[in-house]
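K.L.:
Quick one, structure for this:
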Amino acid sequence: MTFIKELLKDIGDEHATLAADIVETETYVDTGSFIFNALVSGSIRGGLSGNKITAIAGESSTGKTFFALAVVKNFLDSDPNAIVVYYDTESAITRSLLEERDIDTSRVIVMNIVTIEAFRTKALQCVDKYLKVEEEDRQPMLFVLDSLGMLSTEKEIGDALIDKQVKDMTKPALVKGAFRMLTLKLGQANVPLIVTNHTYDVIGSYVPTKEMGGGSGLKYAASTIIYLSKKKEKDGKEVIGNIIRAKTAKSRLSKENQQVEIRLFYDARGLDKYYGLLELGEEGGMWKNVAGRYDLGDGKKIYAKEILKDPEKYFTPDIMDKLDVIARGTFSYGS
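P.N.:
Here you go, the predicted model:
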C-alpha cells in the first residue's frame, strides 16, 4: 500500500477520497428557461447547480420573488416526489400566490424567518435530517431564501426593544458564518439553495456600479451570482410580466459577465421556455433577422411573435442540438 493510501485510511473519513476516485456527478436544476440555463451552466439543457448556492440579486421590484417561484414550479413539475423548503423573510408567500402560479402547495414548506440565526439553525436542521435518510430514499429537495436583505439579527431586535440606536456590526459575520456552515452540508446532501438579495448603487464609483448587500459572506459562498434588471412586458395596456436582463457577476460553471434577456410572466406560465433562443441562433449564424422577421432556412420569413406562439413546431430536436452547441461555445469556459 502506498503512503497516500495509508494516509487516507488513517486520517480520512466518509467524505475523504482520492481525487482519481471522485465520480463526476454534476447535477442541475432546470430553471424552465433554455437561455437562462445556458447563461448559468453553459448548456441549454443545464441549469442552476444542483448542490450549491445561487444568488439572484436586483433592485426592488425586479421580479426576484417571481423568478424564484418560477424555478420552484419547474423543479416540482420535473419530479412528482420533489419538495421545496421556502424561507420567507418578507411574509410575501401565501397559499393563493402559489396556487395562482400552479405550484403544488402540498410539496412546499414555507418558513417565516426573521433573523439570520433562525435561518442558519432551521436550514442546518433540515439538511441534517435529510442526510439521515438513506440516499436512495431521498426525495429531490430545493431550498429558497427570499430574501437575505430582509433578515435581521437577534442583537438588532434586542437593541430595538430597548430603543438602543446602535448599528449592529455583527450581521456580516453572522451571514458569513451561516453560509460557511451550509455550503459543505448542501454539497454533501445534493440540495441546491437559491438566495434572493437586494442591490445598491456604489457611491463614488467611476462608472455606475451595482453591489449586492449583506457583506461578503454570500459573495464567497455562492457558486453563481446573477444580477437582474427589467423592463415591463405588456399585452395592450395590461402589464403581464417582465423582460428580465440577467448578467453573471460570478459563475463556476460558465463565463462571467455574460448577459441574456429572458421573459417572466406573472401567472402560471412563469419563465418563457423558448424566449431568447432566436437571438442565440442569430448570433451563432443559424438564421438571419430580416426587418424583425426570421428566415429559418426554408425561405419563409416569420415574426418572432408567431414562432414563440408555437415554439415546438420550429425548435425541433435537431435545431435544439445545434443551439446547444452554440450555447456551449458562447457561455462555457474554454470555448
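
K.L.:
so where's the longest strand in the protein?
P.N.:
The longest strand of the chain (DSSP state E) is strand 238-251.

K.L.:
So which residues of this protein form helices?
P.N.:
Taking DSSP state H to define them, one finds helices in the chain at 3-11, 34-41, 64-78, 95-100, 116-131, 154-161, 171-189, 217-221, 277-283, 304-309, 311-314, 317-331.

K.L.:
and the fourth one, how far from the chain's centre?
P.N.:
Read it as helix 95-100. Chain-centre distance of helix 95-100: 21 Å, with CA atoms, centre = their mean, to the nearest Å.

K.L.:
which of the residues in that helix are buried?
P.N.:
Leu98 (16 or more other CB atoms under 10 Å). All C-beta atoms are positioned from the backbone trio N, CA, C, and that covers glycine.

K.L.:
Start the count at 48 instead of 1 going forward.
P.N.:
Noted, 48 is the first residue going forward, which turns the last one into helix 142-147.

K.L.:
Please export the C-alpha coordinates of stretch 184-194 as CSV.
P.N.:
Output in CSV follows, covering the C-alpha atoms of stretch 184-194 (Å, rounded to 0.1, in the frame of the first residue of the first chain):
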residue,chain,number,x,y,z
ASP,A,184,-34.8,7.1,-0.5
ARG,A,185,-34.2,10.8,-0.5
GLN,A,186,-36.7,13.0,-2.4
PRO,A,187,-35.2,15.8,-4.5
MET,A,188,-35.2,19.0,-2.4
LEU,A,189,-34.7,22.6,-3.1
PHE,A,190,-34.1,25.5,-0.6
VAL,A,191,-35.1,29.1,-1.3
LEU,A,192,-34.2,32.1,1.0
ASP,A,193,-36.2,35.1,0.0
SER,A,194,-34.6,37.4,0.8
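
K.L.:
And the contacts of it?
P.N.:
For stretch 184-194, contacts defined as CB atoms under 8 Å, 6 or more residues apart in numbering pick out 76, 111-112, 115, 118-119, 122, 126, 128-137, 139-140, 160, 166, 170, 173, 177, 233, 236, 238-245.

K.L.:
Count the neighbours of Gln186 for me.
P.N.:
Counted with other CB atoms under 10 Å, the neighbours of Gln186 add up to 12.

K.L.:
which residues does the closest residue in space to Met197 that isn't next to it in sequence contact?
P.N.:
Ranked by CB to CB, 6 or more residues apart in numbering and with sequence neighbours excluded, the top spatial neighbour of Met197 is Thr136, at 4.0 Å. The contact partners of Thr136, taken as CB under 8 Å, 6+ apart, are 159-161, 166, 192-195, 197-198.

K.L.:
before we move on, back to that, just the buried residues out of the contacts of stretch 184-194, in ChimeraX syntax.
P.N.:
Of the contacts of stretch 184-194, the buried ones can be selected in ChimeraX as follows, counting by 16+ other CB under 10 Å:
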select :76,111,112,115,118,119,122,129,130,131,132,133,134,135,136,140,160,166,170,173,177,233,236,238,239,240,241,242,243,244,245
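
K.L.:
Of the contacts of Thr136 - the most surrounded one?
P.N.:
Counting neighbours by other CB under 10 Å, Leu192 leads the contacts of Thr136 with 28 neighbours.

K.L.:
Dig out what it forms beta bridges with.
P.N.:
Counting by DSSP bridges, Leu192 forms beta bridges with Tyr134, Val242.

K.L.:
so who does Ile272 touch?
P.N.:
For Ile272, the contacting residues are 101-102, 104, 259, 265-266, 295-298, by CB under 8 Å, 6+ apart.

K.L.:
Now the buried members of the residues you listed.
P.N.:
For the contacts of Ile272, buried by 16+ other CB under 10 Å: 101-102, 104, 259, 265-266, 295-298.
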